[in-house]
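Student: Okay, sequence plus prediction incoming.
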Amino acid sequence: MAKSSSNTAAAASDDEVRLANMAWRLGVVTSLGSIGLGVLMLVWPGRTLLVIAVVIGIQLIAWGLGLVVSRAVSSEGAGHTILGIIGGVAVMVIGLATLRVPGRTLALMALFLGVSWFLAGVMELIETVRDRGAPHRGWRTAGGLITALSGVVVLIVPVGSVLALAVWGGILMIAVGASRLPVALRMRKALRT
């Protein structure tokens, strides 16, 4: 009987390790994707707006999925897990909506981006307040602040041209991706030790 329960615990532990490995890999992919998208937005802002909208939608879906997976494997309380999963699903829904109407209006795209960045940034800041002892707290706080403030700027400041949004969005995507990459890499390092 005791051997059976230890085998069950070992299987659960293996599943948690596999999910945590998937979470850090997804974090690296979404961070590098964010940086790559930002560079593309800066290099070809006028020609690639429709492609940018589609890629942003895909990136938001991946980001939301990453939030859901990371919260599902989290050892935090139920409230923390539920908030993260709800936020991740909301970001995925915004990503799907962005894919549905990629070229209709700049205002709609700005609204989707602003709301999703603001929500994701606020969630990250809430988590950093709860996770005081984490070694990557500074990076997470910086990423949360950058993301939330970027959302506010996109919502408040009316962007006069598609080109300006593409350039501004490119800078923000590089900053957000660069701030989140160390978190994923430290998660990997923690799993290796």
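Tutor: Cool, got the structure.
Student: When you work out contacts or count neighbours from here on, use the C-alpha atoms and nothing else.
Tutor: Fine.
Student: Give me the most central residue, the chain.
Tutor: Nearest to the mean C-alpha position of the chain, by C-alpha atoms, centre = their mean, lies residue 63 at 3.8 Å.
Student: who's in contact with that residue?
Tutor: Residues near residue 63 by C-alpha atoms under 8 Å, 6 or more residues apart in numbering: 27, 30, 88, 91-92.
Student: in which helix or strand would I find it?
Tutor: helix 49-72 (DSSP states H and E).
Student: how about the next helix or strand along the chain from that helix: buried residues?
Tutor: Where DSSP H and E defines the elements, the next helix or strand beyond helix 49-72 is helix 78-100. Within helix 78-100, the residues scored as buried using 16 or more other C-alpha atoms under 10 Å are 80-81, 83-85, 87-96, 98-99.
Student: Now do helix 78-100 against helix 49-72, angle only.
Tutor: Interaxial angle, helix 78-100 versus helix 49-72 (axes from the mean of the first three to the mean of the last three C-alpha atoms, to 10 degrees): 160 degrees.
Student: so where's this structure shaky on pLDDT?
Tutor: Within the chain, the ranges that satisfy pLDDT under 70 run 1-12, 46-48, 52, 103-109, 135, 158-163.
Student: Show me which helix runs longest in it.
Tutor: helix 2-43 (DSSP state H).
Student: helices and strands around that one, which ones?
Tutor: Helices and strands touching helix 2-43, by 3 or more C-alpha pairs under 8 Å, 6 or more residues apart in numbering; DSSP states H and E, are helix 49-72, helix 162-192.
Student: Using CSV, please lay out those helices together with distance to residue 128.
Tutor: As requested, the helices and strands packed on helix 2-43 are arranged in CSV below (distance: least, C-alpha to C-alpha, whole Å):
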stretch, distance to residue 128
helix 49-72, 14
helix 162-192, 12
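Student: Out of those, indicate the one that is most buried.
Tutor: Greatest average neighbour count among the helices and strands packed on helix 2-43 goes to helix 49-72 (a mean of 22), per mean count of other C-alpha atoms under 10 Å.
Student: just the angle between that one and helix 162-192, please?
Tutor: 30 degrees.
Student: Quick one: distance of helix 49-72 to the chain centre.
Tutor: Averaged C-alpha coordinates place helix 49-72 at 7 Å from its chain's average position (C-alpha atoms, centre = their mean, to the nearest Å).
Student: Same question for stretch 128-135.
Tutor: 18 Å.
Student: and it, C-alpha only, in CSV?
Tutor: Listed next in CSV are the C-alpha coordinates belonging to stretch 128-135 (Å, rounded to 0.1, in the frame of the first residue of the first chain):
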residue,chain,number,x,y,z
THR,A,128,5.4,40.0,-7.8
VAL,A,129,3.8,41.5,-4.6
ARG,A,130,2.9,37.9,-3.5
ASP,A,131,6.2,36.4,-4.5
ARG,A,132,8.5,38.6,-2.4
GLY,A,133,11.3,36.0,-2.0
ALA,A,134,11.8,35.1,-5.6
PRO,A,135,15.2,35.8,-7.1
